[in-house]
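Novice: Can you look at this prediction? I've put the sequence above it.
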Amino acid sequence: MYNCYQQTPSDLSIKKQLSMYHISTEIKASNAHYLLEEVEYGHLNIRVGRENRCFTQALHDVTGLQLPKTSLQVVQNDEFRLYWISPDEFLLLVAVGREFEIEKKIRANIKNTDSANHYAILNVSSAQAFLKLSGSRAQSIIKKSTAYDIHPSNLPVGKAVTTTFAKTQVILCRTKEKDLNTTSNSEEYSIIVRRSFSDYVWRWIVDAGKRE
Amino acid sequence: MFLIHCPICNEPRSEDEFHCAGEGHIQRPLDPMATSDKEWGDYLFFRSNPRGTYRELWQHTIGCRKYFYIKRNTETYQIYKTYKLDDKSERVALDKEHSNKNKFGDLL
Amino acid sequence: MLHLSCHTGGRPIWSDALCAFLADDFNKEMQCVGAANGQYALDKIIEESVIAGINAAKLSGNENHDFSSNVNKELDILKPKVETYLASKAQAIFHIPHAKATFMAPKQFVDFQLDVTAAGIELAVAEGFESIEHVKRYTALGFGTDQGKISNINGMAIVAKKLKQSIAETGTTIFRPNYTPVTFDAIAGRNVNSFFDVERYTPLHREHIKLGALFEDVGQWKRPWYYPDDNETMNEAVARECLAVRSGVGLLDASTLGKIDIQGKDAREFLNRVYTNAWSKLPVGRCRYGLMCGEDGMVFDDGVTACLAENHFIMTTTTGGAAHVYQWLEIWHQTEWPELDVYFTTVTDQWATMTISGPKARFLLAKMTDIDLNPESFKFMDWREADVVGVPSRIFRISFTGEQSYEINVPANYAVVVWEKLLEYGQEFELTPYGTGTMHVLRAEKGFIIVGQDTDGSVTPADLNMGWAVAKNKPFSFIGQRGMNREDCLREDRKQLVGLKTKHPNQVLPEGAQIILQPNQPIPMKMVGHVTSSYFSAALGHSIAMAVVKNGINKLGDSVYLPLDNGETVEANICSPIFYDPEGAKQNV
């Protein structure tokens, strides 16, 4: 019914270039105050309604995760991380190279093969970049870039928001809280951005990272 | 900064994230080919454009991408409420306003 | 002064004697003296000042002091001896008369900053803008950084004259803060250079730079425009690239085309409703071209959609229309047809698209993949899964050039590998990278439209002579069907898409040139259409143009004329817009 297939070459020597491949070698995104890195994951976009028990069961069987219970929530375990994007859209991050295996497994685990069983899974691992931003200046870089209130009471760890970032949009998360034992900001953020905007966002953060 | 409460994300967000899609609660004729030019023109081009309470369709474009309604005041910009597409209460209220208007003309 | 008065709610009043606006008395606590009050004689200014001073003192609370009886005394004391002189009455010359009517006369600039002319202002009035505020917004009169200080009075006087009323009746626009210009550095940040707007790159951006491409902005995207050799001009480069595609094989980065993944059992039904043509019978493995219209029946996007599996499609959109089409699908699904089981996901960034096009395209592709490329089995408008140099791909056999053409879609992470191999294997076929400049010419040679260039939101499929892309018997009334059947959309004399061949084969018409039927008619001439696309075709050896002409489809063979801005009038013949390979044989081999 659906066209689902392995998007990774079997020949592992074939050169892979992630979203930030070029820009990260051209412009260094770190100084004493911050560090920006691209982290590779397998990205699966999932579209399904919460009421589709058959799907959520299969998802649980394969990943051990239930759909996030509330909006903007992120749930995870040792192997998988699942983001709420909208009431019927979720992003599943898996270990690099496992995206096809997991997609196939979920599809295979769906007991009801009736065409009325409505869902969609899509491998979008090439379509977006996962960035990790850390360092004492991370907070001020994020503050410069978005109007969203990132105070820990509004953006705690475990929450993900799709919001404006510079003149584009990203999925923004706080991934590490401040260490209370230090005076400096020691938070960490993750930013998921669409591939075609990756150079822009990278350069933007580098520029923001130059200023206090 | 102007904040709009997204009823789907269930929190206030900056207006920049939203996109207005025009007047809300406009029903597409079920059989467009059976409509007269006038009926079709009314559906396609004419909007109530009131002074005061207005119900509009908006999208949380940079966010959950869902459409929802905003009931707001066109004079004061006050937002009375935002509600999901499947919330029928305002549809009922709107029909009532229309039937009152038909009954009493411009008095209301 | 007038500005301050306006800020407190006053409306300026016109004085015919002074030929100027003065503050009204809306604000009782404000007193104007001297030039601000239209008073220029020094002795009078002093007199006004004394009175105003006394009044101000009174208003400030010194009520028990009888100032009024003292005015003359004070004046006597204060009044310095000044020379009085007779000033002649102010004379107005707002609009220099000319023997010809304003719109025929040489340009008479009113607003020097925004190039608003007297003719422009008169046109605004003729268009029905009677309020001075509306005229201002229609013409941009007074919108410059001088805020109309040079131009406004003249402009308003021209409006008044045209409306046959006084300047007092016409009134003036009013002023907002600030009165004094604020320097930019007080309110602006630093120069943000390239952060001012987003630049979107395809995964192959660096490869284009390596090849010396110049870039064209398409929405936020940077697309390769052309790849000049050495000192080639754009025209030379485009001609070379065009000939390479027509005689050998060319390579285009088409990654910017919008791609939307559509899954669900009602995907076909949804496509039936948003496209004008039928999708019920498109088999797996096939592609189809579709036109999208608004409810008004006007074309707003087009593209090819492929059936990936029974319940799974991938739609392509124009580069600039991608975001709009995606929103369009969502709004219809969410608000009108939530009962249809279908999900849309943008995958524009997931797939890099490399198009190889030309009579040698298949020979090149055969070097890179093992799948059966036999045209009997992998036909025009088919798509296949394939490993291309070991990278999993989807290959769409569709053509925007009219040549044998394969669009190779690979996951963006592997785009550069495939591109490099294409260039490597392409050497023996003299594979030539080409950009949007060449793409535009090649598609125009075939009469393929570009939405937004050959259409402008007022063009129906029938106007494009593309009735073949409109289904007559779909059960559900698709978006646009009712609109395109309005009386006005069925008129015979609507502007319709045709081709134009100039009498002199080397003459390239300017895009936007107006078309008339009789060359020797008085101004204003009766315009029947305009040129939408125009190029020199290297393959054909003559210029080609696409145009919309009233009732043009029934005028094939007729002569039309195009008066150009240099005074020259060019003759052209209406023809079919398909200039190259009208049978479509070449894309089918």
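Specialist: Arrived safely, thanks for sending.
Novice: just the strands in chain B please.
Specialist: Assigned by DSSP state E, the strands in chain B fall at B:3-6, B:11-14, B:19-23, B:53-59, B:67-73, B:79-84.
Novice: residue ranges with poor pLDDT in chain C?
Specialist: C:1, C:62-71, C:74, C:78-80, C:178-181, C:185-186 (pLDDT under 70).
Novice: Excluding chain neighbours, what is closest to the residue positioned nearest the centre of it?
Specialist: Nearest to the geometric centre of chain C sits residue C:452, at 8.0 Å (C-alpha atoms, centre = their mean). The shortest distance from residue C:452 to any non-neighbouring residue, by C-beta to C-beta, 6 or more residues apart in numbering or on different chains, is to residue C:320 (6.3 Å). The C-beta positions use only the backbone N, C-alpha and C, and glycine is treated the same way.
Novice: ditto for residue A:203
Specialist: Here the residue nearest residue A:203, using C-beta to C-beta, 6+ apart, is residue A:27, at 6.6 Å.
Novice: count of neighbours near the one you found?
Specialist: Residues lying near residue A:27 (other C-beta atoms under 10 Å in any protein chain shown) number 15.
Novice: and the gap between it and residue C:481?
Specialist: 52 Å (C-beta to C-beta, to the nearest Å).
Novice: Residue C:168 too?
Specialist: Taking C-beta to C-beta, one finds residue C:168 at 54 Å from residue C:481.
Novice: Who has more neighbours out of those two?
Specialist: Ranked by neighbour count (other C-beta under 10 Å), residue C:168 and residue C:481 place residue C:481 first, with 20 against 13.
Novice: so which strand or helix has the most far-flung residue of chain A relative to its centre?
Specialist: Distance from the C-alpha centroid of chain A, by C-alpha atoms, centre = their mean, peaks at residue A:114 (31.0 Å). Assigning secondary structure by DSSP states H and E places residue A:114 outside every helix and strand.
Novice: again with residue C:406
Specialist: Using DSSP H and E, residue C:406 falls in strand C:405-411.
Novice: Please save the CA atoms from that strand in CSV.
Specialist: Output of strand C:405-411 as CSV, limited to C-alpha atoms (Å, rounded to 0.1, in the frame of the first residue of the first chain):
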residue,chain,number,x,y,z
SER,C,405,14.6,13.3,-19.5
TYR,C,406,15.1,11.6,-16.2
GLU,C,407,14.6,13.3,-12.8
ILE,C,408,16.8,11.4,-10.3
ASN,C,409,15.7,11.9,-6.7
VAL,C,410,18.1,10.8,-4.0
PRO,C,411,18.1,11.3,-0.2
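Novice: Off-centre distance for that strand?
Specialist: 30 Å (C-alpha atoms, centre = their mean, to the nearest Å).
Novice: Listing partners with orientation, what would you give for it?
Specialist: strand C:351-357 (antiparallel), strand C:391-396 (antiparallel) (DSSP bridges).
Novice: who in the stretch 1-150 of chain C is up against chain B?
Specialist: The stretch 1-150 of chain C has no residues near chain B, with proximity defined as C-beta under 8 Å from any C-beta of the partner chain.
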